[in-house]
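how does the following fold in three dimensions:
(one chain, ligands or ions: 3)
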Amino acid sequence: MPGGGSPSGGDLDRIEALARELLAAGQGNGAGAAVAGELLERVARLRERWREQAQILDRINESIITLDLDGYITGWNHGAERLFGYAAAEVIGRHILFLYADPEDDDASFQDVFLEHGGREMEVRRRRKSGEIFWASLQLSLVRDVEGDPTGVIGYLSDITERIASQEALRLHARIFEHSDEGILITDAEERIVSVNRAFSRITGYTAEEATGQTPRLLRSGQHGPSFYEEVWRRIEVEGRWQGEIQDQRKDGEIYPTWVSISAVRNVEGMITHYFSIFSDITERKRAEERIHYLAYYDALTELPNRALFFKLVDQALIEARRNRQHGALLFIDLNRFKPINDTLGHSVGDRLLQQIGQRLRETLRTEDVVARLGGDEFVVALFDIARRDHAGIVAQKLLAALDPVFVIDNHELTVGAAIGISVYPQDGFDTETLLRLADIAMYRAKQTDEDGYAFYSHEMNQRALDRLKIENGLRHAIARNELLLHYQPKVDIASGRIVGAEALVRWRHPERGMVAPGDFVPVAEETGLIVQVSAWVLEAAVRQARAWQQAGLAPIKMAINLSARDFSSALPERVDRVLLAHGLAPEWLELEITESMLMHSTERVIDMMDDLAQRGVTLSLDDFGTGYSSLSYLKRFPINTLKIDRSFVVNIPGDVSDCAIAGAIASMAKQLGHKVIAEGVETVQQLSFLKRLGCDEFQGYLFSPPVAAEEFAAMLRQDQRLAPQVLA
Ligand code: C2E
Ligand code: MG
Ligand code: MG
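Numbers count the residues shown, from 1 in each chain. Ligands and ions are numbered 1, 2, ... in the order given. Predicted coordinates for the structure are as follows:
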């Protein structure tokens, strides 16, 4: 055997030595010498064969180890050397057991295994010189002598660690596949399901037999459009993988959310061979998340947002308000008389009272407003869609009014009130923290002046609120006390220079403040709804005046009145008709001025109403044209007679190039649509001559006359006052 020391090798040595002795002793003895010579020749041939065999064994990759019957190593080829890391010299003569990985495989078992299973292949664990343990396939066979008695053992070993590992891995993968909590679905390249696991069946309700051969469309819920799935497939195509949330449908019809990861499997050529999708039912998780979110962001008692959510929402709203240059306001609400109720009637009553209060506050506000409970008896409201800062005061009033009616809890009739402090964005502060602090300060001030009431943080806003309140209160009586009156501004025909119309402009002769301009009270009247009465009064007064002038024999002129958005209701045509009839004025002498903003939300209803008015012979004109969101398409739709170029464009004519261009564009557009054009606020000859060149038909403005009282206007008419011809000469 390789490495020497084999018993056969030792025998040969002895035979060779004997033969040489025989040769030496039998000098001249022909027969003995011949035998000795032959022996030596044989020994040499045997040695040659041994050498050849040893070489062959060494070249064999497998390791071959020979042992005697007691298990002591007698032979060790190169393969064994490579496999175990020991050189032959290190192992020959040692007992085979030291190569075992598991010490409990003792000597006895070696013999047993061998004797019982001689020749059988086994998988065993062995230890290398490095200490590393590996799996080997071992085959043992007996070496027998000529009589057939066993003389030793040959062991063939090969390293099967990798084979075992890949088998192990396959087994492991199969186990994972089957026992995974997540549903797994594998399709072929044509999207036909080839394999599903147990969790798949548990989640979807389909057995493996039912699913196999189908496509994953089986699970679709109809909650996602085709474009959703197209996008999913596109991503898998490009990136090899998609993951996200999908609403699927179980066999029993229930729709549930799943978290899905879909991947494509490609072969070495890069062709897709399979798709696999791993998914989990996230219904519970979502529920838990919602619950956690709810607990973190909502007040459990009133179900209103809590402080944390309030800050989040307001921070967000402030970002948008900054971008859109909007106003906003925070209202800090502190209840009055809550503490004694809570202390005397108990917390259960107190809790229910807070719930009802929260409800009333919520119901009073619009959906886009935020109302939150900060804790205790403190609530806070955020408003971000107010057109004007003062509107926060109106909302505060509404909230106070909502708390007015008694609360009934367990037969107790309870009244609470509140003090409300208001801070305004961006005037008072830019961030939630500051605005809340200032609203809190304002609330304390409100409490000091008047137990139930509201106050702005800024002094100026308080003053405005106070003014507003005065105007509102005064205006309620103004009509009854006959404090309203009309002034009239002539509308002048540019070509003839003659007065062809009048615009009635309302004035309020306030008992303390003197004459109040409409800019100071019309907005308040619009907000409070009082405008409807004001307009009714104006319509009546203007029509009566126009008729009176006609009856007095003055040249007939068209009387224009201004309308507000609130007047623009379906009752308007009837109302106008009634007034005209009552005073005997023909409809062609009445003109209604409306603004673009009133047409912004143009519905079929609005168009119908305008058509109705036009058919009755009333003229409609579009006031302040150019200041709103004018669009040609709506202009075409409305039966409008006249466009009034807003004063803001006239004021800088002819100096400002772009204003000139705008005025020019409005004029030519109006002409094309067959409308008349009138310019407002004309103060200079230069303005007028420019407007004339543009083709304006009429003008209004201080150049001819400011709005004047009825008698003065009548005097102008009577004298047939005209624009001096030299003005435009
Ligand atoms: P408006 O309808 O555009 O009325 C024209 C305004 O411009 C009037 O202001 C008028 O006095 C002013 N004005 C006229 N010519 C000149 C000028 O040459 N230079 C300058 N600087 N101003 C001139 P007023 O009377 O203060 O009315 C303001 C606005 O109030 C009106 O604008 C109208 O929108 C509204 N208004 C007036 N009366 C009524 C009414 O009876 N009902 C409604 N709903 N609104 C009214
Ligand atoms: Mg007007
Ligand atoms: Mg105007």
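
got the phi/psi numbers for the residue nearest to Lys636 when sequence neighbours are not counted?
Closest residue in space to Lys636, ignoring its immediate chain neighbours: Leu673 at 6.7 Å, by C-beta to C-beta, 6 or more residues apart in numbering. Glycine gets a C-beta too; all of them are placed from N, C-alpha and C. Here the main-chain torsion angles of Leu673 (degrees, to the nearest 10) amount to phi -90, psi 0.

then Trp76?
Here Trp76 shows phi and psi, under degrees, to the nearest 10, equal to phi -160, psi 100.

ok, now how distant is the closest residue to it other than its chain neighbours from ligand 1?
Sequence neighbours aside, Ala88 is the residue nearest to Trp76 in space, at 4.1 Å (criterion: C-beta to C-beta, 6+ apart). From Ala88 across to ligand 1, the span is 114 Å (C-beta to the nearest ligand atom, to the nearest Å).

ok, Glu433 next?
Looking at Glu433 against ligand 1, where the rule is C-beta to the nearest ligand atom, the gap reads 40 Å.

that residue sits in which helix or strand?
Taking DSSP states H and E as the definition, Glu433 sits inside helix 432-449.

about what we covered before: for the residue nearest to Trp76, grab the count of nearby residues.
Residue neighbour count, defined by other C-beta atoms under 10 Å, stands at 19 for Ala88.

try Trp549
Neighbour tally, Trp549, other C-beta under 10 Å: 22.

one step back: help me confirm that the residue nearest to Lys636 comes into contact with Phe638.
No. Applying C-beta atoms under 8 Å, one finds Leu673 not in contact with Phe638, separated by 10.1 Å.

neighbour-wise, which of those two wins?
Looking at Leu673 and Phe638 with other C-beta under 10 Å, you find the greater number of neighbours at Phe638, namely 17 against 12.

that one: what's its closest spatial neighbour, skipping adjacent residues?
Ranked by C-beta to C-beta, 6+ apart and with sequence neighbours excluded, the top spatial neighbour of Phe638 is Met610, at 5.6 Å.

check contacts around that neighbour.
Contacts for Met610 (C-beta atoms under 8 Å, 6 or more residues apart in numbering) come out as 620, 638-640.

give me the buried subset of those residues.
The neighbour-count test (16 or more other C-beta atoms under 10 Å) applied to these identifies 620, 638, 640 as buried.

which parts of the stretch 551-700 of the chain sit against ligand 1?
561-564, 593, 623-624, 647, 680-683, 700 (C-beta under 6 Å from any ligand atom).

so of those, which ones are in helices?
Counting by DSSP state H, the part of those found in helices is Arg647.

buried subset of the residues of the stretch 551-700 of the chain next to ligand 1 as a ChimeraX selection?
If you want just the buried ones from these in ChimeraX, going by 16+ other C-beta under 10 Å, the selection is:
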select :561,562,563,564,593,623,624,647,680,681,682,700
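
how about the residues of the stretch 551-700 of the chain next to ligand 1 in JSON lines, adding pLDDT?
Shown next, in JSON lines, are those (pLDDT from 0 to 100):
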{"residue": "Ile561", "pLDDT": "97"}
{"residue": "Asn562", "pLDDT": "96"}
{"residue": "Leu563", "pLDDT": "93"}
{"residue": "Ser564", "pLDDT": "90"}
{"residue": "Glu593", "pLDDT": "95"}
{"residue": "Asp623", "pLDDT": "91"}
{"residue": "Asp624", "pLDDT": "86"}
{"residue": "Arg647", "pLDDT": "93"}
{"residue": "Glu680", "pLDDT": "95"}
{"residue": "Gly681", "pLDDT": "95"}
{"residue": "Val682", "pLDDT": "96"}
{"residue": "Glu683", "pLDDT": "96"}
{"residue": "Gln700", "pLDDT": "97"}
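
give me the subset of the residues of the stretch 551-700 of the chain next to ligand 1 touching ligand 3.
With C-beta under 5 Å from the ion as the criterion, the members of these in contact with ligand 3 are 623-624, 680.

restrict those residues to those near ligand 2?
Among those, the ones lying near ligand 2 by C-beta under 5 Å from the ion are Asp623.

between the ones next to ligand 3 among the residues of the stretch 551-700 of the chain next to ligand 1, which is closest to ligand 2?
In terms of C-beta to the ion, no member of these lies closer to ligand 2 than Asp623, at 4.3 Å.

my guess is the closest one meets Leu592, correct?
No. Here Asp623 lies out of contact with Leu592, judged by C-beta under 8 Å, at a distance of 9.5 Å.

any idea how far the residue positioned nearest the centre of the chain lies from Val381?
Note on the chain: the residue nearest the mean C-alpha position is Gln316, at 12.8 Å, using C-alpha atoms, centre = their mean. In this structure, Gln316 and Val381 are 16 Å apart, going by C-beta to C-beta, to the nearest Å.

and His224, by the same measure?
Per C-beta to C-beta, His224 is found 38 Å from Val381.

which one's more surrounded, these two?
The residue with the greater number of neighbours, taking His224 and Val381 and applying other C-beta under 10 Å, is Val381; the counts read 25 against 14.

got a pLDDT number for the more buried one?
Here the pLDDT value assigned to Val381 is 97.

next, the angle helix 432-449 makes with whichever strand or helix holds it.
When elements are assigned from DSSP H and E, Val381 belongs to strand 378-383. Our comparison of strand 378-383 with helix 432-449, counting by axes from the mean of the first three to the mean of the last three C-alpha atoms, to 10 degrees, yields an angle of 120 degrees.

who are the packing partners of strand 378-383?
The contact analysis (3 or more C-beta pairs under 8 Å, 6 or more residues apart in numbering; DSSP states H and E) places strand 378-383 against helix 307-324, strand 328-336, helix 347-364, strand 370-375, helix 391-403.

change it to 6 Å
Helices and strands in packing contact with strand 378-383 are listed as strand 328-336, strand 370-375; criterion 3 or more C-beta pairs under 6 Å, 6 or more residues apart in numbering; DSSP states H and E.

so which of these is the most surrounded?
A comparison of the helices and strands packed on strand 378-383 by mean neighbour count, using mean count of other C-beta atoms under 10 Å, puts strand 328-336 on top with a mean of 24.

just checking, what packs against that strand?
Under the contact definition 3+ C-beta pairs under 6 Å, 6+ apart, strand 328-336 sits against strand 378-383, strand 417-425, helix 432-449.

would you list those in a markdown table and tack on distance to Arg144?
Supplementary listing: these in a markdown table, determined by distance: least, C-beta to C-beta, whole Å:
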| stretch | distance to Arg144 |
| --- | --- |
| strand 378-383 | 100 |
| strand 417-425 | 104 |
| helix 432-449 | 97 |
